[in-house]
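K.L.:
Okay, sequence plus prediction incoming.
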Amino acid sequence: MTASELRVENLKVSFSGENGRLTAVNGISYCLKPGEILAIVGESGCGKTVGALSLLRLIPEPPGRIDAGSILFDSRDLLKLTPWELREVRGKDIAMIFQDPMTSLNPVLTLGDQLMEPILRHTASTRQEAWDRAVEVLRSMEIPSPAEKMKQYPHQLSGGMRQRVMIAMAVSCSPRILIADEPTTALDVLIQAQIMDLLQHAQEQTGMSILLITHDLGMVTEIAQRVIVMYAGEIVESGPADELFQTPLHPYTLGLKNSVPKLGHKQEPGKRLVEISGNVPSLNQLPSGCAFHPRCPSVMERCKTEKPVLREVDPGREVSCWLEEASS
Amino acid sequence: MTDASSNPDLLKVRKLKKHFSANGSFLGNSKPDVRAVDGISFTIKPGETLGLVGESGCGKSTAARAILRLVEPTSGEVLFRGRNLDTLSPKEMQDLRQEMQIIFQDPNASLNPRRRVEDILEEPFIIHNIADKTERKDRVAELLKKVGLAPEHAHRFPHEFSGGQLQRIGIARAIALNPRLIVADEPVSSLDVSIQAQVINLMQDLKETMNISYLFISHNLAIVEHFSDRVAVMYLGKIVEMTSSEKLYANPRHPYTEALLSVIPKMESGSDQPRLLIKGDIPNPANPPGGCAFHTRCPIKEKQCETTVPELKEIEPGHFSACLLR
């Protein structure tokens, strides 16, 4: 195992609700290799965000609880670190950007204060040094007149600009891993493209790895090397991005691919989209067997009672589906 | 119905404007108006779907509201089946509302959480005094079936449904009175990917079975292309390009449309068309740039774009574009 590889093993996270505990993440394992962009895709409630927040122990405990698993980074288990040790990792080795740049920036502090905080905490010794570094990262995020922006407040910036500041803050201490949780969901399409370009550029410049959490399949195929598809708290399929969407193995991945209209392929009038029937199951009423079976177009008798396990079917490609087992 | 036969357009919008006054402080230093919708014109034929695309703040939702008279337009005309909505009495307007309905973006916010689904769906019949109590129950059950829900769902409250199901209820409410036109304001953007396709398919089925026309508002170009017959692209309160959806995607003429199309991921390997990256943000609509409003971000702009306002011109039959250079 290389030093900066992040290995998540059998991570389980649950929340206490009115009717007992709900398992949001049910035993997921994956590894993030140095310098790679790995995307975790899924719909709301599939556990992708909770899984990512748990990496830095950012879920509120209680009601949340990490029930099992380990997160190995630098031959240490992040789940066993003391709060103090964890603070050294957060922002320095592993940084994070969030979905909504408005609520994740402090409205009453200047951008400069917020940008300098992690730098002062982790790398710089003087305020001048921190200031210079902050201006430098703002410039690298293509923010016009960065020195002026340092004295401004978040509300004075547009949404796209705020997200740039968030990214600048995240990369200011040269982290080895960046967790990006739906970084462009709240932004307009043209701004989304700008932000993704910046992220990709920053990755190439620094060689960091990016864990990209998203529901946007298109974005994934554009920038990620590998993809993990989650459904109802579990990984249902993983593999290289281009292969996974060219030849999806899991019926859920195929369904996701087909339910997005393809641009420039205007079908004859009246042609319908291929939809996935039914609804995303709620965590307190998970179906028996394979959690996807009530919505699956190729469901078999076995799927209703027995839960499939994730297994490698081709080098680098994993899927958890009985269909795949039957066909091989 | 002489009106309808002499005028085949279901909806005709002419030079519609909606300006919001942005009064500064009470000391009276008033700011310029926000010109949310600044003179847009288009028509929708019976059974046709017009997509309205643009980024946030471009005025597409305000346009929808002004057309339905949910906000009072500043100027311009809206003709529905040949009748100018401006000249109607409140009573006539209310009657006409049976024929024009709206589906909102967030079904959670647009359904009253304290009322049962049956009460929500009964409301249109009560307001327009259609059907008695028992008949209303039957109509509600029928509506629920039409949108793919079970009649038993009528007794439930909105919080007992998922987002996709709630949007189905929103759609059921909109089609209750057999409307001719439905304005759908970002109807799927708050839904999960797998549910979006379901709702789009439902709306398409209703279009065919009930001969409904849609004004379909969205920022998602791929969905708009799939769902619409024609598409209008808005930027800062104005329509900058409008044509059939096939043409718009095959042959976009306005640089803004081109940029919007180029950033959509193709989801196929091998189509490594370069992305047209547009710098900068949408200008503040209260203080739009002079000349062509897009010139601050346009990759091909020239000197004249900063001063001359381009008109929406017909560059080939049925294809309108507002660019000085093309």
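P.N.:
Yes, it's here. Residues are numbered from 1 along each chain as shown, chains lettered A, B, ... in the order given.
K.L.:
alpha carbons only for contacts and neighbour counts from here, please
P.N.:
Noted.
K.L.:
and chain B, which of its residues are near chain A?
P.N.:
Within chain B, the positions adjacent to chain A are B:55-56, B:162, B:164, B:192-198, B:200-201, B:204, B:219, B:221-223, B:225-226, B:246, B:249-250, B:259-260, B:263-269, B:277-281 by Cα under 8 Å from any Cα of the partner chain.
K.L.:
in the stretch 51-200 of chain B, which spans are helices?
P.N.:
Per DSSP state H, counting those that start in this stretch, the stretch 51-200 of chain B carries helices over the ranges B:60-67, B:90-96, B:107-110, B:117-127, B:133-146, B:163-175, B:193-210.
K.L.:
Tabulate the CA atom coordinates of the third one in PDB.
P.N.:
What follows is helix B:107-110, C-alpha atoms only, in PDB (Å, rounded to 0.1, in the frame of the first residue of the first chain):
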ATOM      1  CA  PRO B 107     -43.600  19.800  -5.100                       C
ATOM      2  CA  ASN B 108     -42.900  19.900  -1.400                       C
ATOM      3  CA  ALA B 109     -43.500  23.600  -1.300                       C
ATOM      4  CA  SER B 110     -46.400  23.800  -3.600                       C
END
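K.L.:
that older thread, between the helices of the stretch 51-200 of chain B, which gets the lowest average pLDDT?
P.N.:
Looking over the helices of the stretch 51-200 of chain B, mean pLDDT reaches its minimum on helix B:107-110, with a mean of 88.
K.L.:
Over to the residue most central in space within chain B. Which of the three states is it?
P.N.:
Against the mean C-alpha coordinate of chain B, by Cα atoms, centre = their mean, the closest residue is residue B:217 at 3.2 Å. Here residue B:217 is strand, with the state taken from DSSP: H, G, I helix; E, B strand; the rest coil.
K.L.:
Verify the stated contact: it with residue B:55.
P.N.:
No: contact criterion Cα atoms under 8 Å: residue B:217 and residue B:55 do not qualify, at 10.8 Å.
K.L.:
Briefly note if whichever strand or helix holds residue A:51 comes near chain B.
P.N.:
When elements are assigned from DSSP states H and E, residue A:51 belongs to helix A:48-55. No: judged by Cα under 8 Å from any Cα, helix A:48-55 and chain B are separated, with a smallest distance of 13.8 Å.
K.L.:
Can you tell me what sits against that helix?
P.N.:
For helix A:48-55, the surrounding residues in contact (Cα atoms under 8 Å, 6 or more residues apart in numbering or on different chains) are A:11, A:13, A:24-25, A:40-42, A:59, A:66, A:71, A:78-79, A:179, A:181, A:213, A:230, A:233.
K.L.:
Among these, name the ones in strands.
P.N.:
A:11, A:13, A:24-25, A:40-41, A:66, A:71, A:179, A:181, A:213, A:230 (DSSP state E).
K.L.:
among the contacts of helix A:48-55, which ones are buried?
P.N.:
Burial by neighbour count, 16 or more other Cα atoms under 10 Å in any protein chain shown: within the contacts of helix A:48-55 this picks out A:11, A:13, A:24-25, A:40-42, A:59, A:66, A:71, A:78-79, A:179, A:181, A:213, A:230, A:233.
K.L.:
Check the residues you listed one by one and keep those near chain B.
P.N.:
With Cα under 8 Å from any Cα as the criterion, the buried ones among the contacts of helix A:48-55 include none near chain B.
K.L.:
What residues does residue A:227 make contact with?
P.N.:
For residue A:227, counting by Cα under 8 Å, 6+ apart, the contacting residues are A:38-41, A:220, A:238-241, A:244.
K.L.:
got it, and residue B:306?
P.N.:
Contacts of residue B:306 (Cα under 8 Å, 6+ apart): B:289-292, B:295.
K.L.:
model confidence over stretch B:235-242, on average?
P.N.:
In this model, stretch B:235-242 has a mean pLDDT of 94.
K.L.:
try stretch A:34-51
P.N.:
Here the average pLDDT along stretch A:34-51 is 91.
K.L.:
What is the end-to-end distance of it?
P.N.:
The first and final residues of stretch A:34-51 sit 19 Å from each other (Cα to Cα, to the nearest Å).
K.L.:
Next: stretch B:290-301.
P.N.:
So stretch B:290-301: terminal residues 13 Å apart, Cα to Cα.
K.L.:
That stretch: which residues count as buried?
P.N.:
Those would be B:291-298, B:301, for stretch B:290-301 by 16+ other Cα under 10 Å.
K.L.:
One more: stretch A:8-27?
P.N.:
Buried, per 16+ other Cα under 10 Å, within stretch A:8-27: A:8-15, A:21-27.
K.L.:
can you tell me the residue of the stretch 1-150 of chain B closest to chain A?
P.N.:
residue B:55 (5.8 Å; Cα to the nearest Cα).
K.L.:
Quick check: phi and psi on that residue?
P.N.:
phi -80, psi 170 (degrees, to the nearest 10).
K.L.:
Now for it, how many residues are close by?
P.N.:
21 (other Cα atoms under 10 Å in any protein chain shown).
K.L.:
Spit out the contact partners of it.
P.N.:
Here residue B:55 is in contact with A:188-189, B:219, B:234-235 (Cα under 8 Å, 6+ apart).
K.L.:
could you redo the last one with a cut-off of 6 Å?
P.N.:
By Cα atoms under 6 Å, 6 or more residues apart in numbering or on different chains, the residues touching residue B:55 are A:188, B:219.
K.L.:
cool, and the one 10 residues further on?
P.N.:
Applying Cα under 6 Å, 6+ apart, one finds that residue B:65 lies in contact with residue B:71.
K.L.:
Kindly report the same for the one 3 residues further on.
P.N.:
Counting by Cα under 6 Å, 6+ apart, residue B:68 makes contact with nothing.
K.L.:
Repeat the analysis, applying 10 Å as the threshold.
P.N.:
Residues counted as contacts of residue B:68 (Cα atoms under 10 Å, 6 or more residues apart in numbering or on different chains) are B:62, B:78, B:80, B:85, B:93, B:97, B:100-102, B:182-183.
K.L.:
How much space separates residue A:26 from chain B?
P.N.:
Distance, residue A:26 to chain B, by Cα to the nearest Cα, to the nearest Å: 21 Å.
K.L.:
what bridges to that residue?
P.N.:
With DSSP bridges applied, residue A:26 shows beta-bridge pairing to residue A:12.
K.L.:
ditto for residue A:97
P.N.:
Each beta-bridge partner of residue A:97 is listed here, defined by DSSP bridges: residue A:180.
K.L.:
On the pLDDT front, check it for me.
P.N.:
Looking at residue A:97, its pLDDT reads 92.
K.L.:
Quick check: the closest residue in space to residue B:265 that isn't next to it in sequence vs residue A:257, distance?
P.N.:
Of all residues not flanking residue B:265 in the chain, residue A:218 sits nearest, at 4.9 Å (Cα to Cα, 6 or more residues apart in numbering or on different chains). Separation of residue A:218 from residue A:257 (Cα to Cα): 9 Å.
K.L.:
Look at the two and report which has more neighbours.
P.N.:
Ranked by neighbour count (other Cα under 10 Å), residue A:218 and residue A:257 place residue A:257 first, with 22 against 18.
K.L.:
Look at the nearest residue to that one once chain neighbours are set aside and give its secondary structure.
P.N.:
Nearest residue to residue A:257, sequence neighbours excluded (Cα to Cα, 6+ apart): residue A:245, at 6.9 Å. Under three-state DSSP, the three-state class of residue A:245 is helix.
K.L.:
To what extent is residue A:245 buried, counted in neighbours?
P.N.:
Other residues close to residue A:245 by other Cα under 10 Å number 22.
K.L.:
Which elements pack onto the helix ranked longest in chain A?
P.N.:
Longest among the helix segments of chain A by residue count, using DSSP state H, is helix A:189-206. Helices and strands touching helix A:189-206, by 3 or more Cα pairs under 10 Å, 6 or more residues apart in numbering or on different chains; DSSP states H and E, are helix A:127-140, helix A:159-171, strand A:177-181, strand A:209-214, helix A:217-223, helix B:255-262.
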